[in-house]
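**Student:** dropping the sequence and predicted coords here.
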Amino acid sequence: MELCVDDLSVTLNGADLVRELSLDVERGRMVALVGPNGSGKSTVLRCVYGALTPSGGRVLVDGTDLSALGLRRAARQVAALTQQGGTELDFTVAEVVALGRTPHLRGNEPLSARERTLCESVMADVDVLHLADRGVLGLSGGELQRVLIARALVQEPRVLVLDEPTNHLDLRHQVRLLSLLRARAHTVLLVLHDLNLAATCDTVGVLSQGRLVASGAPADVLTRERVRDVFGLEVTVVEHPLTGNPQLLYSLDEGAEGV
Ligand SMILES: Nc1ncnc2c1ncn2[C@@H]1O[C@H](COP(=O)(O)OP(=O)(O)OP(=O)(O)O)[C@@H](O)[C@H]1O
């Protein structure tokens with residue numbers, strides 16, 4: 001198993017944010033975590049990429065407990081796109097992407113020819129190569145998000161952990177990103193709010209109040225009853241005519257109780 005989240009619990013300031021959560025991601029598979037705001041998705045990811053020490057349980061990557069590794073070695077195992085992943089300094093796009101190679105470099109060692117080619121090809125993949133010489137502070141939200149995704153990809157980790165990677169992306173870039181992750185057979189744990197995008201993943205895990213209340217194939221998990229129970233929303237579930245994945249349809253009338 002590439003990533004094994006084993007009996008994870010997080011208690012902060014007396015609140016149980018994550019409760020006894022276990023989840024595996026096989027090599028080359030994509031697992032989406034979905035759930036209402038505040039259900040604990042980011043907290044789980046923070047434990048996986050090492051920003052938070054769980055109160056109980058452990059995270060294993062390829063059988064190794066990440067907490068036993070130093071920062072550099074851990075960063076070769078897991079790369080993260082976080083919700084607060086921006087930069088306050090006006091580095092160029094190319095410089096920010098190249099920072100993804102830091103865990104693989106010694107001191108001020110320059111990038112090798114292979115690494116420079118890797119950075120360029122990943123920038124082309126996520127459609128930011130044309131922005132290479134621009135300062136990141138002047139980018140649009142979606143452009144910056146794609147730069148940060150590129151930085152995580154060039155890190156070449158075993159496992160990619162992506163917290164709402166489609167945030168800010170237009171529809172074409174959302175689809176392009178998930179297609180790329182799938183085509184390259186990356187091992188991915190990601191948080192998504194769009195349940196129809198989550199339905200394209202191999203496994204969907206549903207969080208509610210810190211508990212994993214369902215996990216499995218999208219068609220088994222994304223049912224009308226579960227969406228009603230967990231999200232409090234009435235949806236109609238139809239089968240995608242081409243892929244067979246479940247697709248959720250909703251109308252504004254069903255969500256009219258206020259936010
Ligand atoms: N340091 C903290 N102390 C107390 N509670 C916290 C702390 N950090 C997060 N929380 C709470 O933990 C809960 C889970 O937060 P988390 O960010 O994991 O949710 P999420 O499912 O990712 O939500 P969203 O969909 O809104 O991004 C929330 O209620 C949040 O307010």
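**Tutor:** Cool, got the structure.
**Student:** tell me which element Glu109 falls in.
**Tutor:** Here Glu109, judged by DSSP states H and E, is contained in no helix and no strand.
**Student:** any idea of the pLDDT on Arg158?
**Tutor:** What the model reports for Arg158 is a pLDDT of 93.
**Student:** wait, doesn't it sit right on Ala74?
**Tutor:** No - judged on CB atoms under 8 Å, Arg158 makes no contact with Ala74 at a distance of 10.6 Å. Any C-beta I mention is one placed from the backbone N, CA and C, and that applies to glycine too.
**Student:** any idea how far the nearest residue to Leu180 once chain neighbours are set aside lies from the ligand?
**Tutor:** Residue nearest to Leu180 in three dimensions, not counting chain neighbours: Asp125, with 5.6 Å by CB to CB, 6 or more residues apart in numbering. Using CB to the nearest ligand atom, to the nearest Å, Asp125 is found at 26 Å from the ligand.
**Student:** okay, now Asp125: neighbour count?
**Tutor:** 18 (other CB atoms under 10 Å).
**Student:** now Leu12: phi and psi?
**Tutor:** phi -130, psi 130 (degrees, to the nearest 10).
**Student:** number of nearby residues for it?
**Tutor:** By other CB under 10 Å, 11 other residues sit near Leu12.
**Student:** ok, it to the ligand distance?
**Tutor:** From Leu12 across to the ligand, the span is 4 Å (CB to the nearest ligand atom).
**Student:** again with Gly205
**Tutor:** Taken as CB to the nearest ligand atom, the span from Gly205 to the ligand is 12 Å.
**Student:** helix, strand or coil for that residue?
**Tutor:** strand (DSSP: H, G, I helix; E, B strand; the rest coil).
**Student:** wait, what's in contact with it?
**Tutor:** Leu23, Val31, Ala32, Leu33, Val34, Leu212, Ala214, Ser215, Val221 (CB atoms under 8 Å, 6 or more residues apart in numbering).
**Student:** so can I have JSON lines of those residues showing distance to Gly40, neighbour count and secondary structure?
**Tutor:** Compiled in JSON lines, the contacts of Gly205 are given as follows (distance: CB to CB, whole Å; neighbours: other CB atoms under 10 Å; DSSP: H, G, I helix; E, B strand; the rest coil):
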{"residue": "Leu23", "distance to Gly40": "12", "neighbour count": "20", "secondary structure": "strand"}
{"residue": "Val31", "distance to Gly40": "15", "neighbour count": "21", "secondary structure": "strand"}
{"residue": "Ala32", "distance to Gly40": "15", "neighbour count": "27", "secondary structure": "strand"}
{"residue": "Leu33", "distance to Gly40": "9", "neighbour count": "26", "secondary structure": "strand"}
{"residue": "Val34", "distance to Gly40": "12", "neighbour count": "27", "secondary structure": "strand"}
{"residue": "Leu212", "distance to Gly40": "9", "neighbour count": "22", "secondary structure": "strand"}
{"residue": "Ala214", "distance to Gly40": "14", "neighbour count": "19", "secondary structure": "strand"}
{"residue": "Ser215", "distance to Gly40": "14", "neighbour count": "18", "secondary structure": "strand"}
{"residue": "Val221", "distance to Gly40": "17", "neighbour count": "22", "secondary structure": "helix"}
